[in-house]
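> Sequence plus the predicted model coming up.
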Amino acid sequence: MPPIMDMPTVKAPTARKLLTWYDRHRRDLPWRAKPGQAVDPYRVWLSEVMLQQTTVVTVIPYFEKFLALWPTVEALSAARMEEVLTEWAGLGYYSRARNLKHCADVVVEQHGGTFPGSAAGLHKLPGIGPYTAAAIAAIAFGEQVPVVDGNVERVMARLFRVKTPLPKAKPEITAHTAALTPKGRPGDFAQGLMDLGATICKPRAPLCDTCPWAASCQAKLFGDMDAFPKKLAKKPKPKKQADILYLRDAKGRVLVRQRPETGLLAQMWELPSSPWDETELPEGRPAFDLADIIDSRSMPNLVCLDKEVTHTFTHFHQRFRIWVGEVSGKVTAKEGAFLGDNERATKPFPTLMTKVFEAVEFSRGQTP
């Protein structure tokens, strides 16, 4: 009979080890209070909303711009929605910007400009989900609550070798995080976990030899760190297409319109287009009827650019064929308006539309 092999064991992880590492290696981020400084809940909230599904490197210039324009929640509440959307343009997931403005209004009008001090109270505000509420509560108000983002999920899945795939594993991972979150310095613990996931426990090639929890990590012990966290296979995203119109009038202005107040890219501005769906586009002609878009005695000839534009949203891929034309004489837009460069600069256009503008400019021999 073969000898019975002892199962490998690891040391129990402690919050103290992580906090000691964090004190030495914490990232210097513009929304993060330095040691000894008071934490500003407004900055924490603003950064957490911006960081949803967006990288730190991308967020930093947007955060600094917003803070310069609107240094307090009262200042942000006093801004117009269109101003907020314009400054947000390029950051993506535009419902966050609309909820940001709505939340500022609620905090000012219903809470006297002071954010609720608990995760439960914060969760009642527009645009603040369970994760964001926990992050603000822990970092800004010192509430002992588990803060679990994508970085934390990866750290905990490896640390405890969680075999349940995400997203089903979230309750298990949250329970592990809650058990480790200390009463003292829960905000620093949460930020330490995020930093650990971002800089050490990376998705690929984790730097295990420099990890403060290396001796406690079950995945490291088994040598299968890259197998965690386990994830369910994603369904392929639908592929949609549309024809989009770049139409200039005799004054060089471009026809644009505002999207509806609700739905995808709500209240943003765009170029006219055919419906965005999975229907095949017709050969040699646009899928839209120009007579439905403008009134003009002389309809312009449209040219389809060789260059197409593609963009990936959360739930689908979008492809645009671009039709370009110029109309002379009197023309009336049935929806939207012809706007010059300066007027368009004050409107919030999503990244997808910026790509279209750049493709047209490139086709005209200009640098995008």
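Everything's here; your move. Since the structure is predicted, the reported quantities are computational estimates derived from the model, not experimental observations.
> For the chain, which segments count as helices?
15-25, 41-51, 56-69, 73-78, 81-88, 95-111, 119-122, 130-141, 150-159, 170-180, 186-199, 218-222, 341-344, 351-363 (DSSP state H).
> Same list (those helices) but as a markdown table, adding distance to G325 and mean neighbour count.
C-beta: built from backbone N, CA, C; applies to glycine. A markdown table is the format used below for the helices of the chain (distance: least, Cβ to Cβ, whole Å; neighbours: other Cβ atoms under 10 Å):
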| stretch | distance to G325 | mean neighbour count |
| --- | --- | --- |
| helix 15-25 | 57 | 16 |
| helix 41-51 | 38 | 22 |
| helix 56-69 | 35 | 15 |
| helix 73-78 | 40 | 18 |
| helix 81-88 | 27 | 19 |
| helix 95-111 | 32 | 19 |
| helix 119-122 | 50 | 19 |
| helix 130-141 | 45 | 24 |
| helix 150-159 | 45 | 23 |
| helix 170-180 | 51 | 16 |
| helix 186-199 | 47 | 22 |
| helix 218-222 | 58 | 18 |
| helix 341-344 | 18 | 11 |
| helix 351-363 | 11 | 18 |
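> Dump those helices to CSV, plus mean pLDDT and distance to D209.
Output for these, formatted as CSV (pLDDT from 0 to 100; distance: least, Cβ to Cβ, whole Å):
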stretch, mean pLDDT, distance to D209
helix 15-25, 97, 13
helix 41-51, 97, 28
helix 56-69, 96, 24
helix 73-78, 98, 43
helix 81-88, 94, 40
helix 95-111, 96, 37
helix 119-122, 97, 35
helix 130-141, 97, 29
helix 150-159, 96, 14
helix 170-180, 97, 22
helix 186-199, 97, 13
helix 218-222, 95, 10
helix 341-344, 92, 52
helix 351-363, 91, 39
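> Out of those, which gets nearest to D243?
Proximity to D243 (Cβ to Cβ) singles out helix 351-363 among the helices of the chain, at 11.3 Å.
> Alpha carbons of that closest one, as CSV, please.
C-alpha atoms of helix 351-363 as CSV (Å, rounded to 0.1, in the frame of the first residue of the first chain):
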residue,chain,number,x,y,z
THR,A,351,-16.1,57.9,-28.9
LEU,A,352,-17.8,56.1,-31.7
MET,A,353,-18.8,59.4,-33.4
THR,A,354,-15.3,60.8,-32.9
LYS,A,355,-14.0,57.8,-34.8
VAL,A,356,-16.3,58.6,-37.7
PHE,A,357,-15.3,62.3,-37.8
GLU,A,358,-11.6,61.2,-37.8
ALA,A,359,-12.2,58.7,-40.6
VAL,A,360,-13.8,61.5,-42.7
GLU,A,361,-11.0,64.0,-42.0
PHE,A,362,-8.5,61.3,-42.9
SER,A,363,-10.2,60.6,-46.2
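> quick one, which of the helices of the chain is nearest to K230?
Nearest of the helices of the chain (Cβ to Cβ): helix 150-159, 7.3 Å.
> helices or strands up against the closest one?
In terms of contacts (3 or more Cβ pairs under 8 Å, 6 or more residues apart in numbering; DSSP states H and E), helix 150-159 is packed against helix 170-180, helix 186-199, helix 218-222.
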